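Undergrad: fold the following, please.
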Amino acid sequence: MTQTELVLFTRRYKIPNVTLPSLRGSSLQPADKVKYLRLILDRKLSWKPNIEERVRKTSVALYCCRGAIGKRWGLSPKVVLWLYVTIIKPIMFYGVVVWWRAFEKVTLAKQLERVQRAALIGISGALRTTPTMALNAILHVASVDIAGRCTAAKVAVRLRDAGYMSGTKQGHSEILRRFDCIPDNLDHCTAEPSPRGFFSTHVPTRDMWVGRSQWRKSAVSFFTDGSKLKGKVREGVFCRKLSINTSFRLPDHCSVFQAEVAAIKVAVDALLRMVTSFREVCIHSDSRAAILALESMTVRSVLVKECLRSLSIASSYFAIRLVWVPGHRGIAGNCIADKLAREGTLATLTSEWECIGSPWSTCARALDMQTTHELVKRWSTTSTCAVARSFWPSVERKRSFQLLSLGKVHLSAIIGYLLDIVQWVPMRLDLGSWQMLVAKAVWRKARWNHLSISYCTVQLLPD
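TA: The predicted model follows:
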C-alpha cells in the first residue's frame, strides 16, 4: 500500500466529490503528485515538480564536478564541456519526450537554463555578469529549450519506428510535426537478436594482403563496393568465375554504409539464384563497418536484417566467409568493383531499392543542424547583447572549437574582452592564431569607445 498512490489528473481548482477507490480494504486518498519511472507527474500536468527535480539532480551532479574545475585551474574547457554533454545533459533531459511542452513556459525553461549557465561559466571561467545568450553563441551551445526539443524529437523518432508511438496530431507525439527535416521512412528498427547463419567473418591486416589478389584461391570470390559521389549513391558487385559484373543505384538519401551492406546482399542473392557445384565462397568488402554490423549479436537496421536473412539462407548451402579488403591498394577485384560502383550513377533506380529509408545518422544530423539554425536565428534577432554581437556577429562551430582548445586563463581573458566586461588583455598571453582575432576585436572596441586604434593594438603584441 505504501507504493500505491492516487492522483486525479484535472485542471480544476476544486475537485468534485467522487467515490474514491479502495485497494485491499483501504481507501486510497488523492495526492497532488506521484513519482513514476523517475518522472514526477502532478495533477495538472504542469511538469513544474518534475523540472524542479531535474534542476536539483543536475545541480548535484554539476557541483560534484566542481572540485576539478576552477576559474583559472583544473580541467581544460574541452574536457569540462564533454562532462556537461555526457553526464549533466542526460540527467537534465531524462524523459523529455513526455514533458517537452514545459519549455513553452518561460519560467520553467529558465530554471534549467540556470544550470546550463553555471556549467558554461565553469567551462569558460567567465565572470558572473557575462550574458547567458552570449555564452551560448560563443561556445556554440544551444539554449536549453532548443536542445530539449531536439532531444525529444530524436527519442520520438525511435519510438515511432519501433511502433510505440502513432499519430502526431496531439499530445507529446506532436514533436514530430515541429521538425520538417524528419523523414517518414527510416532504416531503423528496435534492437533485436541477429538472425545469424553459419557464415564467418575475417578482418585481416593490411600487411596480410601484400602480394594477394584474393583471400582464398580455392573459393569463389566476390568483390563488392559502395560509394557516394555528388549526392549519388551506387554499388558494384564483381565475380570473375561466375561472370558477374553488375552495378545499381540506391536512393540519394542513403549512406555509404547502406550501399556496402546492399552490395553484399546482392552478391548473396546472386548465389541463391545459381545452380552450382562449388561450396566455398568469399565475399570481399572494403567496409569494416558493414562486416562488423553483420557480425554483431544485435541488429538495428532493416537493411542489415534483410542482408542477414539472405546470408542465413545461403549459409545452409555454401561455406560463406566475409573478408575485409583494403580499398585503393591495387587489388584487381576491388578496383573493378569500385569502377562498377562509379558506373552505377548512370543506372536507373529500381523499385526494389526505392523503399530503403534514410539512415538514423542522417536524421540525427539534420536535427542537430536544425538546432544550430535555431541558435543562429536567436542570436541574430536578439535585442540584447549589442556589444557581444558586434564582436561576435555569427555563430561558427569552428571558431568556438578553436576557443575551447585554449587554456582557461586565455579563454576567460578573451571572452571578457570581447564582451566588454574587462578593459584589458594580459600582456604575456601566447595567443597564437587568436592574436589577429583579438586585435580585430580591440580595433572594433576602439571604434566603439572612440579610443586610439594604434594604442589598443600595440598592447596585444608580445614583449
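Undergrad: and residue 249, that one's in a strand?
TA: Yes. Counting by DSSP: H, G, I helix; E, B strand; the rest coil, residue 249 falls inside a strand.
Undergrad: what about residue 287, how many residues close to it?
TA: Number of residues near residue 287 (other CB atoms under 10 Å) recorded here: 21. Bear in mind the C-beta positions are built from the backbone N, C-alpha and C, glycine included.
Undergrad: typo on my end, residue 42
TA: Residue 42: 16 surrounding residues under other CB under 10 Å.
Undergrad: so it sits right up against residue 49, yeah?
TA: Yes. Here residue 42 reaches residue 49: they are 5.2 Å apart, a contact under CB atoms under 8 Å.
Undergrad: need the overlap of contacts for the two.
TA: residue 33 (CB atoms under 8 Å, 6 or more residues apart in numbering).
Undergrad: roughly how far does residue 251 sit from residue 400?
TA: 34 Å (CB to CB, to the nearest Å).
Undergrad: hang on, I meant residue 90
TA: 22 Å.
Undergrad: in the lengthiest helix in the chain, what counts as buried?
TA: The residue-count maximum for a helix in the chain (DSSP state H) belongs to helix 360-381. For helix 360-381, the neighbour count (16 or more other CB atoms under 10 Å) marks 360, 362-363, 366-367, 370-372, 374-376, 378-379 as buried.
Undergrad: what's the average pLDDT for that helix?
TA: Summarised as a single mean, pLDDT over helix 360-381 is 93.
Undergrad: make residue 1 into 46 and carry on from there
TA: Got it, first residue is 46 now, which makes that one helix 405-426.
Undergrad: output the contacting helices and strands for that helix.
TA: The helices and strands touching helix 405-426, judged by 3 or more CB pairs under 8 Å, 6 or more residues apart in numbering; DSSP states H and E, are helix 177-184, helix 189-206.
Undergrad: okay, and for this structure, where does confidence drop off?
TA: The model of the chain has pLDDT under 70 over residues 46-47, 212-214, 320, 389-391, 465-508.
Undergrad: and the lengthiest strand in it, which strands flank it?
TA: In the chain, taking DSSP state E as the definition, the longest strand is strand 265-274. Sheet pairing for strand 265-274, assigned by DSSP bridges, gives strand 277-284 (antiparallel), strand 325-330 (parallel).
Undergrad: can you check which of those gets nearest to residue 258?
TA: strand 325-330 (10.2 Å; CB to CB).
Undergrad: and the next element down the chain from that closest one?
TA: helix 333-340 (DSSP states H and E).
Undergrad: so which elements touch that following helix?
TA: strand 245-247, helix 301-317, helix 347-359, strand 364-369.
Undergrad: so which of the ones you listed is nearest residue 176?
TA: That would be helix 301-317 among these, by CB to CB, at 42.0 Å.
Undergrad: how far off centre is the closest one?
TA: How far helix 301-317 lies from its chain's middle: 27 Å, per CA atoms, centre = their mean, to the nearest Å.
Undergrad: quick revisit: make CSV out of the helices and strands packed on helix 333-340 and add distance to residue 140.
TA: CSV is the format used below for the helices and strands packed on helix 333-340 (distance: least, CB to CB, whole Å):
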stretch, distance to residue 140
strand 245-247, 38
helix 301-317, 31
helix 347-359, 27
strand 364-369, 40
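Undergrad: on that earlier part again, residue 135 and residue 445: which is more packed in?
TA: residue 445 (17 against 13).
Undergrad: how near is the closest residue to residue 224 other than its chain neighbours to residue 70?
TA: Leaving aside its chain neighbours, residue 224 sits nearest to residue 198 (5.2 Å; criterion: CB to CB, 6 or more residues apart in numbering). For residue 198, the distance to residue 70 (CB to CB) stands at 46 Å.
Undergrad: the more surrounded of these two?
TA: residue 198 (25 against 6).
Undergrad: gap between the more buried one and residue 210?
TA: For residue 198, the distance to residue 210 equals 12 Å [CB to CB].
Undergrad: then residue 78?
TA: In terms of CB to CB, residue 78 sits 25 Å off from residue 210.
Undergrad: before we move on, the earlier item: right, and the helices and strands packed on helix 405-426 - which one's nearest residue 438?
TA: Of those, nearest to residue 438 by CB to CB is helix 177-184, at 9.6 Å.
Undergrad: might you report the residue contacts of residue 355?
TA: 310, 313, 314, 317.
Undergrad: measure it to residue 459 for me?
TA: Remark: distance between residue 355 and residue 459 (CB to CB) = 57 Å.
Undergrad: need the winner for burial among the strands paired with strand 265-274.
TA: Compared across those, strand 277-284 shows the largest average neighbour count, a mean of 25 (mean count of other CB atoms under 10 Å).
Undergrad: please state the offset of that one from the chain centre?
TA: Offset of strand 277-284 from its chain centre (CA atoms, centre = their mean): 28 Å.
Undergrad: tell me the domain ranges of this protein?
TA: The chain breaks down into these domains under automatic domain parsing: 84-231+403-437, 237-402.
Undergrad: need those in a markdown table with distance to residue 66, can you?
TA: Listed next are those as a markdown table, based on distance: least, CB to CB, whole Å:
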| stretch | distance to residue 66 |
| --- | --- |
| domain 84-231+403-437 | 16 |
| domain 237-402 | 39 |
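Undergrad: which one of the ones you listed lies closest to residue 463?
TA: Using CB to CB, the nearest of those to residue 463 is domain 84-231+403-437, at 4.5 Å.
Undergrad: excluding chain neighbours, what is closest to the residue nearest the centre of the chain?
TA: Residue closest to the average C-alpha location in the chain (CA atoms, centre = their mean): residue 409, at 5.1 Å. Once flanking residues are discounted, residue 409 sits nearest to residue 199: 6.1 Å by CB to CB, 6+ apart.
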